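Asks: Please work out how this folds:
(chains A, B, C, D and E, ligands or ions: 4)
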Amino acid sequence: MICLKEIKKSYNGRIVLDIDDLLFERGKIYAVLGPNGSGKSTLVKIIKGIEKPDSGEVLYTGKKEMDFAYLPQKPYMFNFSVLKNIMMGIANKDDALKKAKDALKQVGLENLKEARACSLSGGEAQRVATARILVLDKEVVLLDEPAAAVDVSSIHLVENYIKKANKENKTTFIITTHNPSQAIRLADEAIFLFEGRVYERGEPEKLFKNPEKSETISFLANWRI
Amino acid sequence: MICLKEIKKSYNGRIVLDIDDLLFERGKIYAVLGPNGSGKSTLVKIIKGIEKPDSGEVLYTGKKEMDFAYLPQKPYMFNFSVLKNIMMGIANKDDALKKAKDALKQVGLENLKEARACSLSGGEAQRVATARILVLDKEVVLLDEPAAAVDVSSIHLVENYIKKANKENKTTFIITTHNPSQAIRLADEAIFLFEGRVYERGEPEKLFKNPEKSETISFLANWRI
Amino acid sequence: MTDILNSFTEAFNLIFSLDREIYGIILLTLFVTVFSTIISSVIGISSGVVIGSKEFKGKKQLVRVVQTLMGLPPVVVGVLVYLMLSRKGPLGELGLLFTAPAMVIAQVIIVTPIIMGLTISAIKSKAECIEETCKGLGLGYIRTLAMLILECRYQLTSVVLAGYGRAISEVGAVMLVGGNIQYHTRVITTSIVLETGKGNYDKGLALGIILLLISFIINWTMQRIQEV
Amino acid sequence: MTDILNSFTEAFNLIFSLDREIYGIILLTLFVTVFSTIISSVIGISSGVVIGSKEFKGKKQLVRVVQTLMGLPPVVVGVLVYLMLSRKGPLGELGLLFTAPAMVIAQVIIVTPIIMGLTISAIKSKAECIEETCKGLGLGYIRTLAMLILECRYQLTSVVLAGYGRAISEVGAVMLVGGNIQYHTRVITTSIVLETGKGNYDKGLALGIILLLISFIINWTMQRIQEV
Amino acid sequence: TKNDEKTEEKSVQNGSVLTLATTTSVNDSGLLEYLQPQFEQDTGVTLKIIAQGTGQAIKTGEDGNADVLFIHDKKSEEKFVADGNGLSRIELMYNYFVLVGSEDDPAKISGSAKSAEECFKRIMGSKSFFVSRGDDSGTHKKELGIWKKAGLTPSGNDWYVSAGKGMGEVLKMASEKKAYTLTDKATFLSMKDKLDLKILLMDAKDLFNQYTIIKVNPDKHKHVNKKNSDKFVEWMTSEKVLVMINNFGKVKYGESLFYVNYVKKD
Ligand SMILES: Nc1ncnc2c1ncn2[C@@H]1O[C@H](COP(=O)(O)OP(=O)(O)OP(=O)(O)O)[C@@H](O)[C@H]1O
Ligand SMILES: Nc1ncnc2c1ncn2[C@@H]1O[C@H](COP(=O)(O)OP(=O)(O)OP(=O)(O)O)[C@@H](O)[C@H]1O
Ligand SMILES: [Mg+2]
Ligand SMILES: [Mg+2]
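Replies: Ligands and ions are numbered 1, 2, ... in the order given. Here you go, the predicted model:
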């Protein structure tokens, strides 16, 4: 379990995250949604320990944040081949190559295995970065917008890969996304952030079809129109 | 008019763009779609003259590529305030401030005008970058995924801003996007790229609801599901 | 060890001695090093940015030559400038030998390749992205380069300071072309050489401490400017 | 002008003279400069990467001090090392004065701050992004730093070459602690000083040309390595 | 050079080294280079020569970093011995400083002047450029002594250039500026071709220049190699070497550069 207690974070005096109490259970998939600047990335970074909150604390039971895998919103591609990039984090070098090839297949980019990672197109890079994280088989995985640059015909590959990891290894996922449909397809629970606060949370389909708060309603107003 | 003639571009021997003949008329909005790596960004860069094609040529009538405004897929944010970033390209300094403030309002980020541009969140940065391009009032504007990181409640702001420029100034837009719905909302014509070739083009709604080619059909297979 | 301690007292005494000679030496040092670093920075950064941001045939070779010249031995530069400015040399008419301008010329030759070579590599990582964005905004070539310099200012400050470090610590060239003439072309480094040659190691060290103090003040000022 | 032309012929003659002395000097120069640059690079890059990628109190001040030390005058370093290694000094027992290791020690002190200062600023722009990605992948601290170095290799190569340029062109320190003893501690730069001191400017230049040739070969090798 | 190789190998086997600190002007004359191979062959000792400024060479001795000094500055030599740093001054050889200047000779020295004192007076009178070593070297101290004896203080005048450099460079500078300067004869002769200078006064009594060897005191510095410094002095003062010294330069310059005035004591 991951539990955020009275977390506050501000930049230059502006509060960007203000969370009283937020709980993530193991084995579930969470989708975090909210307008730009609502603090989604900051939330994920605090869970991973990349940013320190000004006050409050994050409590962990079981695996600590050190063992979480985390995909930044703008992942860095190392200046060597795609395959080597994916193999980077794998501790056991024996089956690293096989695993990396398999991960690349999962995101539909087998053909690029020898390409230089830093010359990939935006969507290709994002998919490789996601594969690079998922191949690690960590118990908790934080993904900051893994699908923003991915084309409509490949999104399901990434989503299926996530679902598979969740099913087979009981991996916990916390995923930020701008796509409510993706949250519905993927997540057990959606969390709606607004100006750094959790406004609503619940089963995604229910939440997005019948939002309660006016902020959620206006956030979704233009969705599917 | 912009006309691409027998353009070929390859990287490391792999052909990424191969276009016989492609015409853009002035005053229209074009949406370019296609899977990751299909050559959308490369196409836009060649039109702008950032990349040189291996063979073939781009013909212009009226304004030359030098005068086109262009938003890269990964725009650079200069290390000063958001407002100064937006004012950067405005030649006439007299009303630059007023214009910049207005552009920022169009993308819904008035409150960030004093923020350092390089500490913005992903979606904020993308919206500021789009405003920075649109404020220039150029006749031809090339946007490479202006909305990928923009949240659902703000996409319509960006889209309306584009539409307004198109209506009021007859601005020509060539926009790459991963969102067929956005193409339908925005574009006069959609162009479907696949492996560097133009497979289909036409009125977006018609194209996406009744695609002809099998590639287009499978590209859209998971759309809205 | 006592030698080293003595030097600190000595440095202190020198600074507060109100000795006109020592102040003259300090001022000349400042003038020569700052002036030559400014000239080298203008030449080195502007050419470095152009070379670094452009792809052209022979670029690799050019970069190698520039980086090789980062190791130009001051004495050699001194000899070259000496031969140029000497009465019999091509520029002998100017009568610049054994003057402060001659020292500046020699230092510019030494420092420029350092600033240029480091600038080329400093801007490399950001060049492509900034250029693409600037072109998209319709900025001209000069303004694009200016933005590149501005965005790399943190690194370029270090580069300039590395160049300044070379200028202020260098002695071989200023000795030869300046002549280390008392009251005229004697700077701190040449004084240090003179004193150590006399076996006055503590006075040499004391002068070295003064030199580092100056260097520190220059660094401090530069970093202040950079932060603005 | 004829002086300069003479020097080229002279340089050519020296190289192909098969004179054991000149080859000894070239080899010692290579040994001292390469060895001290390697040591300085290991110390300078590793500490520079740590300092550059971390935020801590007093970092700004520390960076200023390091950058000030980029301008350490070689003669001063020479005096300090002399006082340490002198028979009367704290390390006198080692008997290192007027030997090649003493020259290496002095050069390491001169070159390390240069490599460190430039490394700190070179890695800055990429540090945050690479660190975040590496942490996300579960890489340890050491591997993260290694990746940072690897990804900045183009720039760090220039940094090392700038350090090498200083080592190979420096003369004040090696003269003092090496003693410029024929067949023992004479390197190219001290030979140049010896020759120019005798007024043999053309022979000095000839040696300078040889030095630049060596420098060029080192540069060429380094860039080759970097490209791999 | 074959000989060189052999002696070097031999001395490396013996592991026997002698460190000699000397002044640049002695070294630049080429005398030591001329003697070194013979010394190494005869004694099997490797000679390490460190050429430094006069003051620096003395300091090297004081610090115990050299075994023998070979210098030419009487006052500091006497102090060095009096302080117990050295054993005794061994006066080995002498020559004369010379006053050199440009062909123009604005102070009208050539031919007419008999002593350096007189020349210096004329130089000051005509405000002709004079380049001084200005580095506290033996040569510099000699020059200062002459000014003092003449009762003059040249320092601070525009025509008096205090360079703070070695002999070779000062000569170059004097040539460049068409100035007068005081130099040891050996350095001047070795550079004559590259200079627009000529000797205006030589062999004057007040330009006498004594060269001395001093063994560093082994009681004060335990690292000092007494055995080898004894060997060195014994070798240098041997009949064969004294003849060598007297002949040095004869072939190249047509005259001796140094004259032996060693007197065997006890
Ligand atoms: N280092 C920083 N300095 C100053 N402000 C920052 C910094 N990092 C983030 N911010 C601000 O904090 C707010 C929250 O940022 P965050 O990246 O968490 O947003 P987000 O919800 O992930 O947005 P997006 O959907 O655009 O990715 C934004 O308004 C942003 O401008
Ligand atoms: N500099 C480069 N070197 C090598 N290959 C490149 C380079 N730039 C692009 N490519 C390759 O060219 C292909 C087309 O790239 P492009 O960026 O045009 O794709 P895209 O359609 O914009 O994709 P996305 O939707 O992911 O942005 C990709 O497969 C990419 O890997
Ligand atoms: Mg975010
Ligand atoms: Mg693209």
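Asks: quick one: contacts for the residue nearest to the spatial centre of chain C?
Replies: Nearest to the geometric centre of chain C sits C:Ala167, at 3.1 Å (C-alpha atoms, centre = their mean). Counting by C-beta atoms under 8 Å, 6 or more residues apart in numbering or on different chains, C:Ala167 touches C:32-33, C:36-37, C:40, C:107, C:110-111, D:71. Quick note: C-beta positions are derived from backbone N, CA and C, even for glycine.
Asks: From those residues, pick the one nearest ligand 2.
Replies: C:Ser40 (34.5 Å; C-beta to the nearest ligand atom).
Asks: That closest one is in what secondary structure piece?
Replies: Take DSSP states H and E as the rule and C:Ser40 turns out to sit in helix C:20-53.
Asks: For that helix, buried residues please.
Replies: Using 16 or more other C-beta atoms under 10 Å in any protein chain shown as the test for burial, helix C:20-53 gives C:22, C:25-26, C:28-30, C:32-37, C:39-41, C:43-49, C:51-53.
Asks: Which one of the contacts of C:Ala167 is nearest to chain B?
Replies: Proximity of these to chain B was ranked by C-beta to the nearest C-beta; the top entry is C:Thr37 with 24.5 Å.
Asks: ok, the closest one touching C:Tyr164?
Replies: Yes: applying C-beta atoms under 8 Å as the test, C:Thr37 and C:Tyr164 come out as touching, 4.6 Å apart.
Asks: any residues in contact with both of these two?
Replies: Common neighbours of C:Thr37 and C:Tyr164 are listed as C:Val111 (criterion: C-beta under 8 Å, 6+ apart).
Asks: Apart from its neighbours in sequence, what residue is nearest E:Asp67?
Replies: Closest residue to E:Asp67 apart from its sequence neighbours, by C-beta to C-beta, 6 or more residues apart in numbering or on different chains: E:Ser229 at 4.5 Å.
Asks: residues contacting the spatially closest residue to C:Cys134 that is not a sequence neighbour?
Replies: Nearest non-adjacent residue to C:Cys134, counting by C-beta to C-beta, 6+ apart: C:Thr144, 4.1 Å away. Residues near C:Thr144 by C-beta under 8 Å, 6+ apart: C:53, C:130-131, C:134-135.
Asks: where does chain A dip in pLDDT?
Replies: Applying pLDDT under 70 to chain A picks out residues A:225.
Asks: Spatially central residue for it, please.
Replies: With distances taken as C-alpha atoms, centre = their mean, the residue of chain A nearest its centroid is A:Leu143 (1.7 Å).
Asks: Need the mean per-residue confidence for the helix or strand in which the residue nearest to C:Cys134 is found.
Replies: Using DSSP H and E, C:Thr144 sits within helix C:141-151. Averaged over helix C:141-151, pLDDT sits at 95.
Asks: If you compare the directions of that helix and helix C:20-53, what angle comes out?
Replies: Counting by axes from the mean of the first three to the mean of the last three C-alpha atoms, to 10 degrees, helix C:141-151 lies at 120 degrees to helix C:20-53.
Asks: chain center to helix C:141-151: distance?
Replies: 23 Å (C-alpha atoms, centre = their mean, to the nearest Å).
Asks: Next: stretch C:89-106.
Replies: 18 Å.
Asks: Can you get me the start-to-end distance on it?
Replies: 15 Å (C-alpha to C-alpha, to the nearest Å).
Asks: now do stretch A:194-209
Replies: 18 Å.
Asks: Stretch C:81-92 too?
Replies: When the termini of stretch C:81-92 are compared using C-alpha to C-alpha, they are 11 Å apart.
Asks: Quick one: end-to-end length of stretch A:102-119, please.
Replies: 21 Å.
Asks: coming back round to it: can you identify the element that follows the helix holding C:Thr144 toward the C-terminus?
Replies: Per DSSP H and E, the first helix or strand lying C-terminal to helix C:141-151 is helix C:153-169.
Asks: Give me the angle between that following helix and helix C:20-53.
Replies: Comparing the axes of helix C:153-169 and helix C:20-53 via the same axes, to 10 degrees yields an angle of 140 degrees.
Asks: chain center to stretch A:21-33, what's the gap?
Replies: On C-alpha atoms, centre = their mean, the centre of stretch A:21-33 falls 11 Å from that of its chain.
Asks: Could I get the contacting residues of the residue of chain C found nearest ligand 1?
Replies: With C-beta to the nearest ligand atom as the measure, C:Tyr154 is the residue of chain C nearest to ligand 1, at 16.5 Å. Counting by C-beta under 8 Å, 6+ apart, C:Tyr154 makes contact with C:226, D:121, D:124-125.
Asks: Just the buried ones from these?
Replies: Neighbour-count burial (16+ other C-beta under 10 Å) is assigned, among the contacts of C:Tyr154, to D:121, D:125.
Asks: Any idea which of the contacts of C:Tyr154 the model trusts least?
Replies: Among these, pLDDT bottoms out at C:Gln226, giving 75.
Asks: Around residue 98, count how many other residues there are.
Replies: The chain I'm using is chain A. 9 (other C-beta atoms under 10 Å in any protein chain shown).
Asks: The chain in question should be chain E.
Replies: Using other C-beta under 10 Å, E:Val98 is surrounded by 25 other residues.
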